[in-house]
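Q: Any chance you could fold what I've pasted below:
(one chain, ligands or ions: 2)
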Amino acid sequence: MTDLLHRRGWIKGVGASLTGLWLAACDRVNDNPKVQETLLRAEGLNRKLHRALIDRKALAKEFTPADISKDFKANGSISPGDEDYRAHLKEGFANYKLKIDGLVDHPMELTLAEIRALPARTQITRHDCVEGWSSIGKWTGARLGPLLDKVGLKGEARYLVFHCFDSLEETLDGSGQYYESIDLVDGYHPQTILAYQMNGATLPVAHGAPLRLRVERQLGYKHAKYISRIEVVSDFKDMGRGRGGYWEDRGYEWYAGI
Ligand SMILES: Nc1nc2c(c(=O)[nH]1)N[C@H]1C(S)=C(S)[C@@H](COP(=O)(O)O)O[C@H]1N2
Ligand SMILES: [Mo]
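A: Ligands and ions are numbered 1, 2, ... in the order given. This next block holds a predicted model:
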């Protein structure tokens with residue numbers, strides 16, 4: 001993970017410019033107060049960037065079984081009518097396969113049995129929806145980080161796009177189909193999982209069966225339900241209406257960190 005961030009210049013960029021600034025500050029420009037002030041401000045900015053990255057890797061709060069909501073609200077699509085989804089549901093998802101493709105070395109199609117066999121994590125977390133409600137639930141799923149390592153991300157990979165089975169809005173151009181995207185910091189976050197269980201039971205349809213994203217440092221709409229495909233991209237400009245997600249295309253922020 002740290003390697004990957006290094007490769008993408010996240011950490012290296014911060015470290016290198018800090019060193020550069022330090023050397024410069026100790027050198028010939030030392031006596032120019034104006035330059036010095038600018039340098040100090042830039043260094044402060046780099047520290048903030050570094051701190052921001054560390055903050056983004058921090059864990060979301062986890063709760064105890066006693067905290068689990070009796071009635072976890074289901075929101076948005078709760079029973080997709082889309083034909084391909086209905087067909088999978090009818091078969092109990094026996095022929096469901098999660099596609100992972102795009103900027104990867106080894107595109108994959110995984111059955112639910114294969115997904116259940118991947119390194120898993122269980123967590124009790126609070127889900128916060130922008131509409132102003134929260135619920136606490138227990139989620140079990142495959143950790144996304146190890147799966148990304150397994151498919152192998154290409155150097156240009158920047159975002160993970162989660163394509164979903166459901167459309168919330170009927171449109172001619174397909175832009176009513178739910179989708180969401182996250183960056184690699186969230187993709188590799190230890191609490192980011194592809195959940196197939198909720199509160200110890202098979203994930204219910206209302207909550208995104210057979211597979212939904214839990215990305216615990218983000219608001220509710222980033223947690224894609226009914227996932228059909230994960231596409232690894234360098235950019236999402238040409239997708240949907242270009243803003244990185246169904247709700248982003250309708251005005252919500254792409255970065256919905258909590
Ligand atoms: N595919 C899909 N994913 C989705 C939605 C949706 O309508 N379709 N709604 C989002 C919103 S706004 C929220 S708050 C959560 C709700 O998840 P829940 O039904 O498990 O509470 O799912 C998110 N993911
Ligand atoms: Mo939401």
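Q: going forward, measure contacts and count neighbours with C-alpha atoms only.
A: Fine.
Q: list the buried ones in stretch 173-191?
A: Along stretch 173-191, these residues count as buried under the neighbour rule (16 or more other Cα atoms under 10 Å): 175-191.
Q: near ligand 1 too, which of those?
A: Y178 (Cα under 6 Å from any ligand atom).
Q: interface residues of the stretch 51-200 of the chain facing ligand 1?
A: Residues of the stretch 51-200 of the chain found near ligand 1 (Cα under 6 Å from any ligand atom) are 73-77, 129, 164, 166, 178.
Q: Next one: A42 from L49, what distance?
A: 10 Å (Cα to Cα, to the nearest Å).
Q: Contact partners for the closest residue to ligand 2 within the chain?
A: Nearest residue of the chain to ligand 2, counting by Cα to the ion: C129, 3.9 Å away. Listed by Cα atoms under 8 Å, 6 or more residues apart in numbering, the contact set of C129 reads 219-221.
Q: If you tally nearby residues, what's the number for I100?
A: I100 has 23 neighbouring residues, counting by other Cα atoms under 10 Å.
Q: can I assume it sits in a strand?
A: Yes: per DSSP: H, G, I helix; E, B strand; the rest coil, I100 lies within a strand segment.
Q: Can you spell out which residues form a bridge with it?
A: Taking DSSP bridges as the rule, I100 bridges to M108, I230.
Q: circling back to that earlier point, mind listing which of the buried residues of stretch 173-191 are in strands?
A: 177-183 (DSSP state E).
Q: Keep only the residues you listed that also lie close to ligand 2.
A: Subset of these in contact with ligand 2: empty, counting by Cα under 5 Å from the ion.
Q: what two of the residues you listed are the furthest from one another?
A: The two members of those with the most space between them (Cα to Cα) are Q177 and D183, at 20.2 Å.
Q: Which of the three states applies to R56?
A: The three-state label for R56, taken from three-state DSSP, comes out as helix.
Q: how close does it get to ligand 1?
A: According to Cα to the nearest ligand atom, to the nearest Å, R56 stands 21 Å off from ligand 1.
Q: Provide a list of residues in contact with that residue.
A: 185-186, 217.
Q: which one of these is nearest ligand 1?
A: Among the contacts of R56, R217 lies closest to ligand 1 (Cα to the nearest ligand atom), at 13.5 Å.
Q: Tell me how many other residues crowd the closest one.
A: R217 has 23 neighbouring residues, counting by other Cα under 10 Å.
Q: Can you tell me the centre-most residue of this protein?
A: I182 (3.8 Å; Cα atoms, centre = their mean).
Q: is that one in a bridge, and if so with what?
A: L160.
Q: In contact with it, which residues are there?
A: I182 makes contact with 159-161, 222, according to Cα under 8 Å, 6+ apart.
Q: Just the contacts of C129: which are in strands?
A: Reading strands off the contacts of C129, I find no matches (DSSP E).
Q: overlap between those residues and the residues near ligand 1?
A: Counting by Cα under 6 Å from any ligand atom, the members of the contacts of C129 near ligand 1 are 220-221.
Q: Return only those of the contacts of C129 found close to ligand 2.
A: Answer for these near ligand 2 (Cα under 5 Å from the ion): 220-221.
Q: which secondary structure element contains R241?
A: Following DSSP states H and E, there is no helix or strand that holds R241.
Q: And the helices in the stretch 1-150 of the chain, which stretches?
A: 2-7, 10-26, 33-57, 83-90, 112-116, 144-151 (DSSP state H, counting those that start in this stretch).
Q: from what I can see S134 touches H127, true?
A: Yes: counting by Cα atoms under 8 Å, S134 does reach H127; the two are 5.3 Å apart.
Q: Of these two, which one has the most company?
A: H127 (21 against 15).
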